[in-house]
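In: only the shape, not the letters, is given here:
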């Protein structure tokens, strides 16, 4: 490809952790790429799929520690594409679910760079599924709500009074704020006896599931580290019947 012709940037959702959950199209683009910019939460095994001559760049972010600022990632995507390279932007989960994929697409659009979005399996659905928890279930709940747990401060704009009425609640990136999340839900009318689960390293062989109630889960999960999600709702009780993946792993009491 001529260096005067911009390369295609593929914004790829890598899925939640199990490397086999990437889509066929996403894997194809990953293998074709000349340059891969990958996130911390993308499964390490996927890096083995990169062409041996391709450039792999770690741009991952961790809580309170960003390897590269988002603005720098945007610039890097544009620069590499302007060199006529095929660029794969590998992101954990789905690019448009708290993945800042929209911001990257905006930057590429403004720069006149061709791009595509390859959706990924979101951890908001897949991680509960691997724990034996359906986010919806006939006769239990017909809705679920996904919330960015790290934005639960006073300035977050979250309508906490409405959340108890919005079906199953799935909080992503909320481990550091879990006690505050629970207290806010309780203060806004949710029963302390509602079933909840915290799932760490979901869909991987390191998966840990801690079950409890809204009133006691914070005490049970003080040792949990990200990445982890919080699921709030009576669908959590279904895990007693349909847990499947965890049965392959060592039992974890959680209390």
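Out: Yes, it's here. All of these numbers come straight from a predicted model, not from anything done at the bench. Residues are numbered from 1 along each chain as shown.
In: contacts for stretch 12-21 next, please.
Out: 22-23, 26, 29-30, 38-39, 41-43, 45-46, 88-95, 99, 101, 118-123, 126-127, 130, 201-204, 227 (CB atoms under 8 Å, 6 or more residues apart in numbering). The C-beta positions use only the backbone N, C-alpha and C, and glycine is treated the same way.
In: switch to 7 Å and redo it
Out: Contacts to stretch 12-21, defined as CB atoms under 7 Å, 6 or more residues apart in numbering, come from residues 22, 26, 29-30, 42-43, 45-46, 88-95, 118-121, 123, 126-127, 201-204.
In: next: stretch 139-150.
Out: By CB under 7 Å, 6+ apart, the residues outside stretch 139-150 that reach it are 97-98, 124, 135-136, 158, 163, 166-174, 176-177, 181, 230, 233-235.
In: buried stuff in that stretch?
Out: 141, 144-147, 149-150 (16 or more other CB atoms under 10 Å).
In: quick one: which of those sit in strands?
Out: Residues of the buried residues of stretch 139-150 located in strands (DSSP state E): 144-147.
In: and which of these is nearest to residue 108?
Out: Closest to residue 108 out of these is residue 146 (25.1 Å), distances taken as CB to CB.
In: still on that earlier bit, among the contacts of stretch 139-150, name the ones in helices.
Out: 124, 181 (DSSP state H).
In: any idea of the mean pLDDT in the helix ranked longest in the chain?
Out: The longest helix of the chain (DSSP H) is helix 70-82. Helix 70-82 carries an average pLDDT of 97.
In: then stretch 132-141?
Out: 97.
In: that older thread, the contacts of stretch 12-21 in strands, which ones?
Out: 88-91, 118.
In: run a quick check on residue 7 versus residue 87, I expect a contact.
Out: Yes: Residue 7 lies in contact with residue 87 (CB atoms under 7 Å); the separation is 5.9 Å.
In: shared neighbours of these two, anything?
Out: Listed as contacting both residue 7 and residue 87 by CB under 7 Å, 6+ apart are residue 81.
In: of these two, who's got more company?
Out: More crowded of residue 7 and residue 87, by other CB atoms under 10 Å: residue 87, with 29 against 22.
In: buried ones in stretch 89-109?
Out: Residues of stretch 89-109 classed as buried by neighbour count (16+ other CB under 10 Å): 89-99, 101, 104-105, 107-108.
In: nearest to residue 71, out of these: which one, please.
Out: Distances from residue 71 to the buried residues of stretch 89-109, taken as CB to CB, are shortest for residue 107 (8.4 Å).
In: tell me the SS of residue 156?
Out: Secondary structure, DSSP: H, G, I helix; E, B strand; the rest coil: residue 156 is coil.
In: next one: residue 190 from residue 83, what distance?
Out: Distance, residue 190 to residue 83, by CB to CB, to the nearest Å: 52 Å.
In: what is the burial count for residue 18?
Out: Neighbours around residue 18, by other CB under 10 Å: 20.
In: again but with residue 32, I slipped
Out: Residue 32: 14 neighbours (other CB under 10 Å).
In: give me the distance between the residue lying closest to it once chain neighbours are set aside and residue 194.
Out: Nearest non-adjacent residue to residue 32, counting by CB to CB, 6 or more residues apart in numbering: residue 86, 5.8 Å away. Distance, residue 86 to residue 194, using CB to CB: 48 Å.
In: now swap in residue 48 and tell me
Out: Distance from residue 48 to residue 194, counting by CB to CB: 42 Å.
In: compare the two and say which is more crowded by neighbours.
Out: Comparing residue 48 with residue 194 by other CB under 10 Å, the one with more neighbours is residue 194, at 19 against 8.
In: check what pLDDT the closest residue to that one other than its chain neighbours gets.
Out: Leaving aside its sequence neighbours, residue 194 sits nearest to residue 214 (CB to CB, 6+ apart; 4.6 Å). You'll see residue 214 listed with a pLDDT of 98.
In: how about the contacts made by residue 111?
Out: Contacts of residue 111 (CB under 7 Å, 6+ apart): residue 78.
In: switch to 8 Å and redo it
Out: Residue 111 neighbours (CB under 8 Å, 6+ apart): 78, 81-82.
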